[in-house]
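Participant: Here's a sequence, model it:
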Amino acid sequence: MRGSESLRRQPAIGSCCKHRHAPQPCAASTRPTCSTRSNNRHSSPLHAQPRLVTGRHQEKAFAAEQDHFRLSAASPALDSSGGDDPPIVHNTKAVGEGDNDDSDNNSVKDIDSILAKAGSSSSELPADMQAALARGALFTSDVRLWLKLVSTPLVGSLCKLLPAFRSRMLGNPRFLMVLAIEEAIGVAAKWSAEKSSRKDKFWKEFDFVLSDMALEVIGDFAVVWLLSPTRSFTPRAKSGLARYINALPGHALQVGKYKPAQRAAVVAYRGAQFFGVSFVASMVGHSLTKYMVDRSRAQSTHVKAEGEEADKELAPVLDNSIAWGGFVASSTNLRYQLVNGFEERALDAYIRNPVLKSGLIFIIRFGNTFWGGAQWVQYAKLIGIQ
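Facilitator: Numbering: from 1, shown residues only. This next block holds a predicted model:
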């Protein structure tokens, strides 16, 4: 009876502000306490966090999402992994902490102040960034980087014109450097592989070399573009296939708590992406190369001597495109999965010297592209398109 009487004497839920000396705290309730309400009552909807975490399961899900963002948004030098859009909320503070870090927060007042100092305003932001600001999902770091990008000649114009380009520059400010280095490595390694594979027939088969070089340039661009980290301000899908794809790692060996099925799925997903992009790239690149070669041969006044080997015809555009798409979806896809995994798990984890790390990455990527170029020449000859 005393126990039941004691329970009846406890203050009602939500009345702790009036009964500050009650023997039992209000925290046992599943509803928010007065202290929680008092902490949030001065916050406008723009400052509020998009999620209200009220239980252990929600906290775990929120923490997992934060971990996914930090992994996908990390962009070490020359690392082009992690192409998935990060979650909208990327504040890494623990739940319940305030936004006291002036260096990166989602305070509308701070964001307006940064824009005002740059002679700009929130109305000049892209539409998706304005919507993110209204949701409390735009951070001061995003705004500072955006202002830096738009002040850069040519890059700023491209960021305003192409949202996909802007998301990659925000996800990895070194995107253009990574692309330039990857193209330089690709062209050099491809040229070396062609000379090594064709040997004394290199100049006789130079038409094929030009075709392969064009495919390499377009293919390297596609790979870097697809694997580059991005910063998206569009709300993530909450159900269906899009949600499953968004939850995949950037590559099969990415650090994080991913299931084996997710790691296998990202290999298949990237393979499908690479096939589609490479097929289109080959249709364009090989068509142009074939047109230029045929035109050059038609205008040539050289007369073949008796016994001189006739010029070989370039493969049909469709056949070449299907073969190239399949090669990139299989060989290139698997090799880049391994390269990105090695860079993240070995180089980023154990090599602290940036010069040494960049040198090792150059060697690894050069070797990867050289090996891939040699594989393609042998594969193309094997199936009869060269």
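Participant: how close does residue 212 get to residue 278?
Facilitator: Distance of residue 212 to residue 278, given as C-beta to C-beta, to the nearest Å: 13 Å. The C-beta positions use only the backbone N, C-alpha and C, and glycine is treated the same way.
Participant: Could you do residue 253 as well?
Facilitator: In terms of C-beta to C-beta, residue 253 sits 22 Å off from residue 278.
Participant: Those two: which has the busier surroundings?
Facilitator: Set side by side, residue 253 and residue 278 show more neighbours around residue 278, with 27 against 19, by other C-beta atoms under 10 Å.
Participant: if you skip the residues just before and after it, what's nearest to the more buried one?
Facilitator: residue 328 (4.0 Å; C-beta to C-beta, 6 or more residues apart in numbering).
Participant: swap in residue 263?
Facilitator: residue 252 (4.6 Å).
Participant: can you tell me the helix or strand for residue 372?
Facilitator: According to DSSP states H and E, residue 372 maps onto helix 354-382.
Participant: That helix: which residues count as buried?
Facilitator: Neighbour-count burial for helix 354-382 flags 357-358, 360-361, 364-366, 368-370, 372-377, 379-380 (criterion: 16 or more other C-beta atoms under 10 Å).
Participant: list the contacts for the residue nearest to residue 278?
Facilitator: 219, 223, 274-275, 277-278 (C-beta atoms under 8 Å, 6 or more residues apart in numbering).
Participant: try it again with 10 Å
Facilitator: Listed by C-beta atoms under 10 Å, 6 or more residues apart in numbering, the contact set of residue 328 reads 215, 219, 222-223, 271, 273-279, 281-282, 336, 372, 376.
Participant: so what sits against both of residue 212 and residue 278?
Facilitator: What both residue 212 and residue 278 touch, as defined by C-beta under 10 Å, 6+ apart, is the set 219, 285, 324.
Participant: who wins for neighbours among those?
Facilitator: Highest neighbour count within the shared contacts of residue 212 and residue 278, by other C-beta under 10 Å: residue 324, with 29 neighbours.
Participant: any idea how far the residue nearest to residue 278 is from residue 154?
Facilitator: Distance from residue 328 to residue 154, by C-beta to C-beta: 29 Å.
Participant: Likewise for residue 106?
Facilitator: Taking C-beta to C-beta, one finds residue 106 at 30 Å from residue 154.
Participant: returning to what we had before: is the residue nearest to residue 263 part of a helix or strand, or is it coil?
Facilitator: Here residue 252 is recorded as coil under DSSP: H, G, I helix; E, B strand; the rest coil.
Participant: quick one, phi/psi of it?
Facilitator: When quoted as degrees, to the nearest 10, the phi and psi of residue 252 stand at phi -60, psi -30.
Participant: Provide a list of residues in contact with it.
Facilitator: With contact taken as C-beta under 10 Å, 6+ apart, residue 252 is in contact with 258, 260, 262-267, 270, 333-334, 336-338, 340-341.
Participant: Pick out the most distant pair among these.
Facilitator: 260 and 336 (19.6 Å; C-beta to C-beta).
Participant: okay, the two: which has more neighbours?
Facilitator: The residue with more neighbours, out of residue 260 and residue 336, is residue 336; 25 against 8, by other C-beta under 10 Å.
Participant: Which strand or helix spans that one?
Facilitator: Going by DSSP H and E, residue 336 is in helix 333-342.
Participant: relative to helix 354-382, how tilted is that helix?
Facilitator: 170 degrees (axes from the mean of the first three to the mean of the last three C-alpha atoms, to 10 degrees).
Participant: Show me what counts as buried in helix 333-342.
Facilitator: Quick answer for helix 333-342 (16+ other C-beta under 10 Å): 333, 335-337, 339-342.
Participant: same question, stretch 222-234
Facilitator: Quick answer for stretch 222-234 (16+ other C-beta under 10 Å): 222-225, 227-233.
Participant: ok, now stretch 163-171?
Facilitator: Residues 165-171 are the ones in stretch 163-171 that count as buried (16+ other C-beta under 10 Å).
Participant: Next: stretch 113-129.
Facilitator: For stretch 113-129, by 16+ other C-beta under 10 Å, it's 114-115, 118, 120, 122, 125, 128-129.
Participant: I'd like those residues written out as a markdown table, with distance to residue 206 and secondary structure added.
Facilitator: A markdown table is the format used below for the buried residues of stretch 113-129 (distance: C-beta to C-beta, whole Å; DSSP: H, G, I helix; E, B strand; the rest coil):
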| residue | distance to residue 206 | secondary structure |
| --- | --- | --- |
| 114 | 55 | helix |
| 115 | 54 | helix |
| 118 | 52 | coil |
| 120 | 52 | coil |
| 122 | 56 | helix |
| 125 | 50 | coil |
| 128 | 47 | helix |
| 129 | 49 | helix |
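Participant: Out of those, which two are the most distant from each other?
Facilitator: 118 and 128 (19.4 Å).
Participant: Would you enumerate the residues in contact with the closest residue to residue 120 other than its chain neighbours?
Facilitator: Nearest non-adjacent residue to residue 120, counting by C-beta to C-beta, 6+ apart: residue 147, 6.9 Å away. The neighbours of residue 147, taking C-beta under 10 Å, 6+ apart as the test, are 114-115, 117-120, 125, 156.
Participant: Closest to residue 247 out of those?
Facilitator: residue 125 (28.2 Å).
Participant: Pull the contacting residues for the residue nearest to residue 369 when sequence neighbours are not counted.
Facilitator: Computed as C-beta to C-beta, 6+ apart, the closest residue to residue 369 that is not its neighbour in sequence is residue 189, at 3.7 Å. Residues in contact with residue 189 (C-beta under 10 Å, 6+ apart) are 216, 220, 365-374.
Participant: Right, I'll call it a day here.
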